[in-house]
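Novice: Requesting a structural model of the entry that follows:
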Amino acid sequence: MYPDYNNPQQTPPPYYGGAAVARQTNAVMKRVYVRMFIGLLVSAFCALGVASSPAMLSIIFGNQIVFWGLIIAMFAMAILIPVRMLKMSSGTVLALFLVYSALMGTFLSSIFLAYKMSAIVATFFITAGTFGAMSVYGYFTKTDLTKMGSFLMMALFGLIIAMLVNIFLKSGTMSYVISIVGVLIFTGLTAWDTQQVKQLAAANLDPALADKLATMGAMNLYLDFINLFLFILRIFGGNRD
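Specialist: Below you'll find the model as predicted:
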């Protein structure tokens with residue numbers, strides 16, 4: 001006998017779609033933050049390891065071929081991983097992200113030579129607080145951040161152009177302005193990326209694709225954190241002198 005939903009005495013069966021989506025979203029977001037944290041740990045250990053080895057510093061920063069090879073490898077992976085994600089296994093995507101994190105940490109080892117450890121640690125906690133607040137906002141806000149995200153991406157391209165121009169101008173004032181703008185851009189991108197990942201997690205219930213999504217979300221937020229950290233460090237870090 002089928003239930004009669006027109007009968008007010010008849011209690012309809014419970015609907016589990018919303019609960020299933022919520023569980024899926026929460027599971028993906030947990031993996032996003034765990035993998036992002038692991039990526040940051042890999043970068044930190046690689047940076048400290050290279051910075052503490054004069055031989056490694058000489059090989060990486062004393063050899064133009066190695067140095068530019070490292071930069072090209074990072075750019076290539078940043079493009080390759082998202083483009084090839086659907087054709088790779090979940091394990092491969094995660095492994096490539098960790099390799100990317102190691103390369104980034106190797107590249108960032110120079111900050112231990114340019115800044116005092118106290119400044120680096122203080123900047124890390126400032127970045128963690130800012131990132132955490134904006135990621136929480138992006139996760140829970142009901143406001144659609146799509147338009148803000150589009151504007152921030154355009155601003156990011158402008159920022160990159162300004163940074164390239166300042167390589168030749170070497171203007172201290174322009175460098176300071178770039179750093180402030182960079183902080184604002186990546187603060188906003190943190191909220192936008194968080195909302196994007198949450199929305200994609202809610203829209204997709206396929207376990208394999210959800211796992212890849214978790215890794216890509218972790219990579220996006222990892223890059224937001226790293227860039228936010230570097231721009232804040234340029235503003236407040238001072239130098240070893």
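Novice: who are the neighbours in contact with Met134?
Specialist: Met134 makes contacts with Thr187, Gly188, Thr190, Ala191, Thr194, as judged by Cβ atoms under 8 Å, 6 or more residues apart in numbering. Yep, even glycine has a C-beta here, placed from its N, CA and C like the rest.
Novice: Distance-wise, check Ser109 relative to Ala20.
Specialist: From Ser109 over to Ala20 the distance is 45 Å, taken as Cβ to Cβ, to the nearest Å.
Novice: buried residues in the host helix or strand of Ala73?
Specialist: Element membership of Ala73, judged by DSSP states H and E, is helix 64-84. Buried residues in helix 64-84, counting neighbours by 16 or more other Cβ atoms under 10 Å, are found at Leu70, Met74, Met77, Ile81.
Novice: CA atoms only for it - export them in PDB, please.
Specialist: This file holds the C-alpha atoms of helix 64-84, laid out as PDB (Å, rounded to 0.1, in the frame of the first residue of the first chain):
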ATOM      1  CA  GLN A  64      71.000  29.500 -12.500                       C
ATOM      2  CA  ILE A  65      70.000  26.400 -14.300                       C
ATOM      3  CA  VAL A  66      68.800  24.600 -11.100                       C
ATOM      4  CA  PHE A  67      67.100  27.800  -9.800                       C
ATOM      5  CA  TRP A  68      65.100  28.500 -12.900                       C
ATOM      6  CA  GLY A  69      64.400  24.800 -13.400                       C
ATOM      7  CA  LEU A  70      62.800  24.800  -9.900                       C
ATOM      8  CA  ILE A  71      60.600  27.700 -10.800                       C
ATOM      9  CA  ILE A  72      59.600  26.300 -14.200                       C
ATOM     10  CA  ALA A  73      58.800  22.900 -12.500                       C
ATOM     11  CA  MET A  74      56.500  24.700 -10.000                       C
ATOM     12  CA  PHE A  75      54.700  26.600 -12.700                       C
ATOM     13  CA  ALA A  76      54.300  23.500 -14.800                       C
ATOM     14  CA  MET A  77      52.900  21.500 -11.900                       C
ATOM     15  CA  ALA A  78      50.500  24.300 -11.000                       C
ATOM     16  CA  ILE A  79      49.100  24.100 -14.500                       C
ATOM     17  CA  LEU A  80      49.400  20.300 -15.000                       C
ATOM     18  CA  ILE A  81      47.700  19.100 -11.800                       C
ATOM     19  CA  PRO A  82      44.300  20.900 -12.300                       C
ATOM     20  CA  VAL A  83      44.200  20.200 -16.100                       C
ATOM     21  CA  ARG A  84      45.100  16.500 -15.800                       C
END
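Novice: Check which element follows that helix along the chain.
Specialist: Under the assignment DSSP H and E, the closest C-terminal helix or strand after helix 64-84 is helix 90-107.
Novice: Contacts for that following helix, please.
Specialist: Where contact means Cβ under 8 Å, 6+ apart, the residues beyond helix 90-107 that reach it are 35, 38-40, 42-47, 50, 60, 70-71, 73-74, 77-78, 80-81, 85, 88, 208, 211-212, 215-216, 218-219, 222, 226.
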